[in-house]
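*Asks:* What would the 3D arrangement of this be:
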Amino acid sequence: MEACPSVYTVLRDFALPLVAVFWAVWSWYLDNHRVLSIRQVGDSFSDRIAGAPDSLTTFSIEVAITNDSPRANIVIAYYDLELPWKDVDFHPLLDPRDFDPPSELYWIHPESIQIPRDKVLNHRRYQNGKLGPGEAFRGYFLAKGGSPIPEDLRKTEAIEVQFVVEDTRGKQYRSGPLFFHYHGC
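*Replies:* Now for the predicted structure:
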């Protein structure tokens, strides 16, 4: 008759493999756990919506985006704003280097405000949008839309939106509420 193995024998035979499995799962989690934080860092001048009731609407907001992941790199594919109204013509401003002739300035029409390209996030995507753990981007997100700001929102002091970042794996990261200041034309 065989004796039952002692607790010591079981631990001795299985402890190392169990620790190895645990370590492999933990390492995989740290490598794949992706966390991105988004904060509003601008003021009433930089974080604004402008537009007349019957014309183009322009958007400018200054944010900081930080990779808070333990070990994962995040590559940004797209930026967006979730507005409190529907605007099918909303889109980020294009990289001025893609124009003919190329430029180092983003232009926000109709106000003709110029912002140096190195202070804007719009083009910080794909190969220019890689964030290692602990790294951050800070800059303006610039966009325009074809729908006017609804009348009731033009009467408020601040318009609440959410900033959305999507990475190349399709994961979306949303900010908490961010606020635009309305500047009528």
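*Asks:* Flag the shaky bits of the protein, pLDDT-wise.
*Replies:* Scanning the chain with the threshold set as pLDDT under 70 gives 1-3, 10-11, 15-16, 18, 20-32, 52-54, 109-112, 184-185.
*Asks:* Pick out the residue closest to the middle of it.
*Replies:* A centroid search over the chain (C-alpha atoms, centre = their mean) returns Val165, at 3.1 Å, as the residue closest to the centre.
*Asks:* Touching, that one and Phe141? I think so.
*Replies:* No. If you go by C-beta atoms under 8 Å, Val165 and Phe141 don't touch, sitting 9.6 Å apart. Where C-beta positions appear, they are placed from N, C-alpha and C, glycine not excepted.
*Asks:* Identify each buried residue in stretch 36-48, please.
*Replies:* Within stretch 36-48, the residues scored as buried using 16 or more other C-beta atoms under 10 Å are 36, 38, 40, 42, 46-48.
*Asks:* first to last residue in it, what's the distance?
*Replies:* One end of stretch 36-48 sits 24 Å from the other (C-alpha to C-alpha, to the nearest Å).
*Asks:* How about the contacts made by His123?
*Replies:* Listed by C-beta atoms under 8 Å, 6 or more residues apart in numbering, the contact partners of His123 are 95, 97, 117.
*Asks:* Revised request: answer the last question for Phe180.
*Replies:* Applying C-beta under 8 Å, 6+ apart to Phe180 gives the contacts 47-49, 59, 61, 158-159, 161.
*Asks:* Where do the strands of the chain begin and end?
*Replies:* Secondary structure of the chain (DSSP state E): strands located at 36-40, 48-50, 57-67, 74-82, 91-92, 105-108, 113-116, 130-131, 136-145, 158-167, 172-174, 178-183.
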